[in-house]
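> Sequence plus the predicted model coming up.
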Amino acid sequence: MDGKSIKSSVTNYDSCEQNFVSLVSLFSHQRGVVQAVMPMENKVISEQEVVRLLLSAVGLSGIGVTLDALHCQKNS
């Protein structure tokens, strides 16, 4: 799973009020396809929460999921 920002969606790029839209996707390496995708706006919801929503929506169990360092938190 990974999120990628949509370049043209960035506002206030040079301030702490920066906002942008990302697409978070669940990709199957075995099948070679995106299984699910969900948009997120960083001022509205976090990528960590979108990942949780995607995983619960697709109902996968008994698999390994690869995430980047953003998700290596104590309460994830």
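Alright, I've got the coordinates. Numbers count the residues shown, from 1 in each chain.
> I'd like the next helix or strand past the helix or strand of the chain with the lowest mean pLDDT.
Lowest mean confidence among the helices and strands of the chain (mean pLDDT, DSSP states H and E): strand 2-5, at a mean of 86. Next in sequence after strand 2-5, counting helices and strands by DSSP states H and E, comes strand 21-28.
> so what strands line up beside that next one?
strand 2-5 (antiparallel), strand 33-41 (antiparallel) (DSSP bridges).
> what does it rub up against?
Outside strand 21-28, the residues within contact range by Cβ atoms under 8 Å, 6 or more residues apart in numbering are 1-6, 9, 33-42, 47, 50-51, 54-55, 58. Quick note: C-beta positions are derived from backbone N, CA and C, even for glycine.
> Which positions in it come out as buried?
Neighbour-count burial for strand 21-28, counted by 16 or more other Cβ atoms under 10 Å, picks out 21-22, 24, 26.
> which of those residues lies closest to Gln73?
Val24 (16.2 Å; Cβ to Cβ).
> Tell me which residues touch the closest residue to that closest one other than its chain neighbours, please.
Nearest non-adjacent residue to Val24, counting by Cβ to Cβ, 6 or more residues apart in numbering: Gly3, 4.2 Å away. Applying Cβ under 8 Å, 6+ apart, we find Gly3 in contact with 22-25, 40, 47, 50.
> of these, the lowest pLDDT goes to which?
Lowest pLDDT among the contacts of Gly3: Glu47, with 88.
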